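> sequence? don't have it. structure:
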């Protein structure tokens, strides 16, 4: 892991390959390992792939106590990351909560973004989507994140629809789930970061972004999962009507975590799109 110190805090990342930059944005309670099956293939095709651990609850370096961990604040952090590494004409690939953050990046900080790949993700009024939509209120309850961090260590809880059960069709390997969930279990500072982000999630951010996305004229690839049980297919239909240069494709035999269920097909599509 490499690290970079940004105005908003320190971020760890994995980098592989050389060539045009591809930066990956994961969602809540996962980290850069979400892309572990995709990055080697895209890097081998001639791209500089960078998969950071964003401060969304599965990161290992806590953010400063005064860091802005609202969704716009994390989108600004992503923009700071691109600037710090002097990345331009970047292909941004996002999933889940990371897709909502990327929409804010597209509308508020588009300067270094060259094209975008949105796999199943939050949008419009679905930030968070059911069955996760009660999380911001739950996060405001004293001790809720601490208790949740303990319950999430149990396989029976990990497999529930309201946690990871409906995200990957064939499940997530136990060692990867452990990597995702150990930081929030072991670190009060990481729990603090997660609480601040989750508590700040509000559909107003994605709804406001949607009104501005018509000004994002760069190419966007919208990648739906055929068997998605979380993100409604019509969300991408609506995004495609707003975005001036959008293409929709569907990947078969996958839930929301396409990087987990169909990494080879996703990598192929990213390579074709970014070339």
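Happy to help now that I have it. Values in this document were obtained by computation on a predicted structure and should not be read as measured data.
> Now do the strands in the stretch 151-275 of the chain.
Along the stretch 151-275 of the chain, the stretches classed as strands by DSSP state E, counting those that start in this stretch are 220-225, 246-251.
> quick one: buried residues of the last one?
What it means is strand 246-251. By neighbour count on 16 or more other CB atoms under 10 Å, the buried set for strand 246-251 is 246, 251. (Each C-beta comes from the backbone N, C-alpha and C, glycine too.)
> Which elements pack onto that strand?
On a contact count with 3 or more CB pairs under 8 Å, 6 or more residues apart in numbering; DSSP states H and E, strand 246-251 meets strand 220-225, helix 233-242, helix 263-274.
> gap between that strand and the chain center?
18 Å (CA atoms, centre = their mean, to the nearest Å).
> still on that earlier bit, for the helices and strands packed on strand 246-251, give me JSON lines that also has mean pLDDT, distance to residue 207 and mean neighbour count.
Shown next, in JSON lines, are the helices and strands packed on strand 246-251 (pLDDT from 0 to 100; distance: least, CB to CB, whole Å; neighbours: other CB atoms under 10 Å):
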{"stretch": "strand 220-225", "mean pLDDT": "98", "distance to residue 207": "18", "mean neighbour count": "24"}
{"stretch": "helix 233-242", "mean pLDDT": "95", "distance to residue 207": "11", "mean neighbour count": "16"}
{"stretch": "helix 263-274", "mean pLDDT": "98", "distance to residue 207": "27", "mean neighbour count": "19"}
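> Quick one: end-to-end length of stretch 49-57, please.
22 Å (CA to CA, to the nearest Å).
> quick one on the thing from earlier: please produce CSV containing the helices and strands packed on strand 246-251, extended by distance to residue 2.
Formatted as CSV, the helices and strands packed on strand 246-251 follow (distance: least, CB to CB, whole Å):
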stretch, distance to residue 2
strand 220-225, 27
helix 233-242, 33
helix 263-274, 22
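> and residue 91, which of those is closest to it?
Residue 91 sits nearest to helix 263-274 of all the helices and strands packed on strand 246-251, at 4.5 Å, using CB to CB.
> Who are the packing partners of that closest one?
Using 3+ CB pairs under 8 Å, 6+ apart: helix 263-274 touches helix 39-44, strand 90-96, strand 113-121, strand 220-225, strand 246-251, helix 258-261.
> helices or strands next to the third one in the packing?
Contact partners of strand 113-121 among helices and strands, from 3+ CB pairs under 8 Å, 6+ apart: strand 90-96, helix 97-108, strand 220-225, helix 258-261, helix 263-274.
> among the helices and strands packed on strand 246-251, which is nearest residue 130?
Closest to residue 130 of these, according to CB to CB: helix 233-242, at 12.7 Å.
> Run the angle between the closest one and helix 97-108 for me.
Orientation note: helix 233-242 sits at an angle of 20 degrees relative to helix 97-108 (axes from the mean of the first three to the mean of the last three CA atoms, to 10 degrees).
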